[in-house]
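# just coords:
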């Protein structure tokens, strides 16, 4: 299965809504996403990503089987962290455990490091999300440590893990 990242299109909103209207997906993401996630929510998100500053926001659709199966983005931080960016991603449940996200993570990191002055990309998956941790490890990210009691998700206090990839490591 060939996985590629590409710029969002407004016509992707329906596939985006299908993927995000899944509690299992949302349980592994930060809060703030509507549930159920509608096609209008998808249009709003895609519009925001298409109009974002391209030097600060690197947001792409993840495609496989000629359709959108997920989302990936790298977001520049501010102030003294202006050359650091946070990575976030998800893939539709029916595409879990196929290696798609590892390929997408490698693609976006290569893109960001080649098109910007970003020096470090980091990700903070929930510690219980073993699959996400494995994606990062397989994509070459280094585990830096556990952020203890770092978040509250679904009413539970949880740990998060810190991973990073440096420009010099790619």
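Looks like it arrived, so ask away. Remember, it's a predicted structure, so these values are computed and weren't measured experimentally.
# so how many other residues sit close to residue 49?
The number of residues packed near residue 49 is 17, by other C-beta atoms under 10 Å. C-betas here are computed from N, CA, C, even on glycine.
# leaving aside the residues next to it on the chain, what's closest to it?
Leaving aside its sequence neighbours, residue 49 sits nearest to residue 59 (C-beta to C-beta, 6 or more residues apart in numbering; 3.9 Å).
# who touches the closest residue to residue 24 other than its chain neighbours in this structure?
Nearest residue to residue 24 in three dimensions, chain neighbours excluded: residue 93, at 5.8 Å (C-beta to C-beta, 6+ apart). By C-beta atoms under 8 Å, 6 or more residues apart in numbering, the contact list for residue 93 reads 19, 22, 24, 25.
# of all those, which two lie farthest apart?
Using C-beta to C-beta, the contacts of residue 93 reach their maximum pairwise distance at 19 and 24, which is 10.8 Å.
# next one: whichever helix in the chain runs longest to chain centre, how far?
When the chain is parsed with DSSP state H, its longest helix is helix 100-115. Mean C-alpha position of helix 100-115 versus that of the full chain (C-alpha atoms, centre = their mean, to the nearest Å) differs by 11 Å.
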